Structure formats: structure tokens, C-alpha cells
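Novice: From the sequence below, what's the structure:
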Amino acid sequence: LIVGCVFLNVFLVRPAVAKSSKDKVDSSATDEVTQEEPEIERKKTDDGFTYYILTDDNKNAYVTITSYDGDEKNVLIPNSIENYPVKEIDDNCFTNINKVESITIPDSVVTIGDFAFFGCPNLTKVVIPSSVKKIGAAINAGSHFTIYGEPGSYAEEYTLHPEEHTCTEPITFEPINSKD
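Specialist: Model prediction:
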């Protein structure tokens, strides 16, 4: 039991994330950090994506997008930032954004977090590629949009059983082929 606790304490750490104000990123502010937790610098692109760079189990760096405050109504998430692939759309990434009408996710993304599109009243279209293998809970809470994706993809499966993902309402799926 003691060995298990030591293992959990040493090897399973939660990274610290810098907090930011709405218009300004403060890379010096972090959650409480212990010796085991690395400080992760939050950054922002010129077009409004706040993100951080993480490393997977194989020590490959990738980007997680944490929020968006850009001006575009039709958002195209970039395939890469700083030459690192964008692999994750974080929990609550687009929460309560009124101006966004559509979001297109690149084929580098494999995970979409919980409540990713929560409370987006004007969002009508989310294009999800077949590379996405995990979609979090209730991504459509407070929003009414159609997911566009490839037939047989995880995105389509997600829409067939919204109750399994604590979605507040059914989500419509429209098939597209990979050439669209």
C-alpha cells in the first residue's frame, strides 16, 4: 500500500496551468505547484487561440488549445502551432462564445474535451475529422449544432448515442467524405 501511494505521488502529477485574464496572458501565474509539477507556459496566437505545449508518453511535444477569443465567425483551428501538432481541444475551450457560427477541426486533433462548445448559441456547424478518437461529455450543452464528419467515424458514433455522453440534446450528424 505504501509503495502504491509513493508511485501515485511521484509518477502521476497534474501539470500546472498558467492563469490568464481575458485580454492578456500572464505566463508567470500558475496553479499551486509542487516539486513534481512542472510549470507550463500558456501562450496565445495572433488569431486568438490560447494554448500550451505538452509532451506525450513518448516525449513528443504537441499543442492543446485551451480557449479562443478571436474575431472569426467561422473558426479554422490550425493543424499546428509553433511547428507542433494540435492534438487536443481542451475542456470548455469555446465556452460561451456568441460570435462563433462554425468550427473546423484539423485532422491532427485526436481529443475534444468536456463541454468544449458549451453555451455557444450561434454555433451551427462543427466539422470533426476521423482522427478524433475521444469526445468529452456534454459538448453541446447550451448549443444546437450539427456535427459534420466521415461516415463510420467516432464523431458519428458519438451522435448516435448522445445519452452515453451526457449530452443535453440529440446532436445531428451530416456525413461528408474526406475530400470535402
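Novice: Quick check: phi and psi on A155?
Specialist: phi -60, psi -40 (degrees, to the nearest 10).
Novice: What is the burial count for the nearest residue to P151 once chain neighbours are set aside?
Specialist: In space, P151 comes closest to P175 once its chain neighbours are excluded; the distance is 4.5 Å by Cβ to Cβ, 6 or more residues apart in numbering. The C-beta positions use only the backbone N, C-alpha and C, and glycine is treated the same way. If you count neighbours by other Cβ atoms under 10 Å, P175 ends up with 13.
Novice: dump the residue contacts of P175.
Specialist: 148-151, 156 (Cβ atoms under 8 Å, 6 or more residues apart in numbering).
Novice: and it, what pLDDT?
Specialist: With respect to pLDDT, P175 has a value of 95.
Novice: how much space between it and N60?
Specialist: For P175, the distance to N60 equals 32 Å [Cβ to Cβ, to the nearest Å].
Novice: do the same with I40
Specialist: For I40 relative to N60 (Cβ to Cβ), the value is 16 Å.
Novice: of the two, who's got more company?
Specialist: I40 (18 against 11).
Novice: Confirm T66 sits in a helix?
Specialist: No: per DSSP: H, G, I helix; E, B strand; the rest coil, T66 lies outside any helix segment and is strand.
Novice: what's the burial count for it?
Specialist: By other Cβ under 10 Å, neighbour count at T66 equals 22.
Novice: try L123
Specialist: Neighbours of L123 (other Cβ under 10 Å): 25.
Novice: how about it, what does it touch?
Specialist: For L123, the contact set (Cβ under 8 Å, 6+ apart) comprises 94, 97, 100-103, 117, 143-145.
Novice: Selection in ChimeraX covering whichever of the residues you listed are buried, please.
Specialist: In ChimeraX, a selection of the buried entries from the contacts of L123 looks like this (16 or more other Cβ atoms under 10 Å):
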select :94,97,100,102,103,117,143,145
